[in-house]
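The amino acid sequence is not available; the structure is as follows:
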């Protein structure tokens with residue numbers, strides 16, 4: 001049973017707010033930046049097709065190339081953050097995102113679109129790695145994971161606000177309205193960098209012959225296994241954004257407004273409950289058990305969602321979908337919280353930027369392969385038993401992968417260095433009895 005903040009009313013609300021100083025500055029930076037991202041998210045596809053003049057296929061190619069390019073930049077950007085300071089690297093990445101986003105206003109060809117989206121993806125991935133290093137410096141253990149969980153809640157809130165505001169541009173459906181959204185998003189990235197002045201600078205990792213030996217993440221196989229486990233189990237994000245809306249619309253008797261209802265329910269629950277669900281995950285053992293639990297909860301939730309295809313009554317289908325989404329959200333909350341704890345607690349000091357950059361590859365690669373996997377399993381054509389079986393198979397696979405979290409975490413746990421005590425050879429002349 002997950003603990004929840006004690007107290008009622010204002011006390012409980014205060015428990016969900018960031019502390020003064022660096023945590024509150026990071027929360028404000030996240031809220032501003034993600035509100036800008038939420039503005040562009042529902043508008044970007046229409047802007048590139050209707051205003052820029054690209055085809056949907058060209059947009060897909062450009063985004064795919066940019067996604068792969070961004071993945072290759074994660075680890076190098078993390079190393080830069082460790083070497084030169086995470087706060088400055090994060091601010092520079094936000095400036096890069098602002099410049100790239102503003103440049104979309106000048107795009108009129110496929111090649112220009114690919115170049116600008118690649119720059120934006122590199123800046124985004126680099127910023128994520130540096131941001132992870134900044135978070136690691138603000139707190140340790142439980143406090144660090146709680147801050148990361150709180151920032152996820154703030155992220156969802158910002159995206160929701162931005163998406164709601166984007167409705168005005170969608171209603172106008174003009175190039176001027178779309179350009180206004182693009183430029184507002186660019187300004188949001190600039191504004192998001194301003195609160196970072198209240199975040200203490202992260203001391204760069206020492207270098208030189210006298211510096212202690214650093215573990216390189218590309219040679220840390222146990223950490224790579226943890227990254228793989230957490231990355232594969234994060235497929236729940238793609239289930240929510242891709243498989244679930246198409247499943248509700250094409251395979252169930254539930255009304256189509258159910259799509260908005262379940263996504264809204266997920267957003268609200270994540271904003272309110274991510275911090276409470278992160279309790280205890282500052283410990284490696286607890287974080288690993290939480291990831292394991294999330295897999296089985298996701299399995300049960302997806303089974304309920306899959307069974308909605310068997311309900312002929314819309315109300316029954318709606319009930320199954322709401323139950324399934326509630327369990328899906330609980331699994332998401334536990335998987336996220338456990339992953340945060342493992343990603344930080346298993347990384348050596350002085351290398352958090354590099355390790356956070358590498359850890360993000362797990363989610364990034366899963367996001368690349370998830371569309372094909374989900375459309376093959378959960379949205380398979382033919383009789384209803386095929387996608388029903390696909391949902392159950394997906395749930396079983398994720399539960400089995402999540403069950404490996406405690407084992408992989410034990411293997412990846414850093415081994416404390418035993419100080420070497422030099423042997424002292426006594427001078428025989430000093431040990432002789434004095435006369």
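Looks like it came in fine. Predicted, not measured: the structure shown is a model, and the values here were computed from it. Numbers count the residues shown, from 1 in each chain.

so how far is stretch 344-355 off the chain centroid?
Relative to its chain's centre, stretch 344-355 lies at 17 Å (Cα atoms, centre = their mean, to the nearest Å).

and it, which residues are buried?
Neighbour-count burial for stretch 344-355 flags 344, 345, 346, 347, 348, 350, 351, 352, 353, 354, 355 (criterion: 16 or more other Cβ atoms under 10 Å). In short, each C-beta sits where N, CA and C put it, glycine included.

so which of those residues comes closest to residue 285?
residue 345 (9.8 Å; Cβ to Cβ).

What residues does the closest one make contact with?
Applying Cβ atoms under 8 Å, 6 or more residues apart in numbering to residue 345 gives the contacts 141, 282, 283, 284, 287.

any idea which of the residues you listed has the most stuff around it?
The most crowded member of the contacts of residue 345, judged by other Cβ atoms under 10 Å, is residue 287 (30 neighbours).

How much space separates that one from residue 405?
Look at residue 287 and residue 405: by Cβ to Cβ, to the nearest Å, they are 8 Å apart.

Pop the domain breakdown of this protein in here.
Domain segmentation of the chain under automatic domain parsing yields 20-201, 217-414.

These into JSON lines, with extra columns for mean pLDDT?
Below are these laid out as JSON lines (pLDDT from 0 to 100):
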{"stretch": "domain 20-201", "mean pLDDT": "91"}
{"stretch": "domain 217-414", "mean pLDDT": "93"}
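
dump the residue contacts of residue 217.
Taking Cβ under 8 Å, 6+ apart as the criterion, residue 217 is in contact with 75, 223, 224, 351, 354, 355, 357, 358.

Could you do residue 182 as well?
Applying Cβ under 8 Å, 6+ apart, we find residue 182 in contact with 40, 47, 101, 102, 104, 105.

Remind me which helix or strand the closest residue to residue 120 other than its chain neighbours belongs to.
Distances taken as Cβ to Cβ, 6 or more residues apart in numbering put residue 100 closest to residue 120, at 3.8 Å, once the chain neighbours are dropped. Assigned by DSSP states H and E, residue 100 belongs to helix 86-103.

by contact count, what packs against that helix?
For helix 86-103, the contact count by 3 or more Cβ pairs under 8 Å, 6 or more residues apart in numbering; DSSP states H and E identifies helix 56-84, helix 110-138, helix 175-193, helix 352-377 as packing neighbours.

now what about that helix, what contacts it?
Outside of helix 86-103, the residues within contact range by Cβ under 8 Å, 6+ apart are 33, 40, 77, 80-81, 116-117, 119-120, 122-124, 126-127, 130-131, 133-134, 137, 182-183, 185-187, 189-190, 192-193, 196, 199-202, 352-353.

switch the cut-off to 6 Å
80-81, 116, 119-120, 123, 126-127, 130-131, 133-134, 185-186, 189-190, 192-193, 196, 199, 201-202, 353 (Cβ atoms under 6 Å, 6 or more residues apart in numbering).

just to revisit the earlier point, now, the most widely separated pair of the contacts of residue 217?
Greatest spatial distance in the contacts of residue 217: 224 and 351, 14.1 Å, computed using Cβ to Cβ.

List the buried residues in stretch 393-413.
Neighbour counts over stretch 393-413 (16+ other Cβ under 10 Å) mark 394-395, 397-399, 401-402, 404-406, 408-409, 412-413 as buried.

Let's have those residues in JSON lines, adding distance to residue 228 and secondary structure.
JSON lines is the format used below for the buried residues of stretch 393-413 (distance: Cβ to Cβ, whole Å; DSSP: H, G, I helix; E, B strand; the rest coil):
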{"residue": "394", "distance to residue 228": "17", "secondary structure": "helix"}
{"residue": "395", "distance to residue 228": "18", "secondary structure": "helix"}
{"residue": "397", "distance to residue 228": "13", "secondary structure": "helix"}
{"residue": "398", "distance to residue 228": "13", "secondary structure": "helix"}
{"residue": "399", "distance to residue 228": "16", "secondary structure": "helix"}
{"residue": "401", "distance to residue 228": "8", "secondary structure": "helix"}
{"residue": "402", "distance to residue 228": "12", "secondary structure": "helix"}
{"residue": "404", "distance to residue 228": "9", "secondary structure": "coil"}
{"residue": "405", "distance to residue 228": "11", "secondary structure": "helix"}
{"residue": "406", "distance to residue 228": "15", "secondary structure": "helix"}
{"residue": "408", "distance to residue 228": "8", "secondary structure": "helix"}
{"residue": "409", "distance to residue 228": "12", "secondary structure": "helix"}
{"residue": "412", "distance to residue 228": "11", "secondary structure": "helix"}
{"residue": "413", "distance to residue 228": "17", "secondary structure": "coil"}
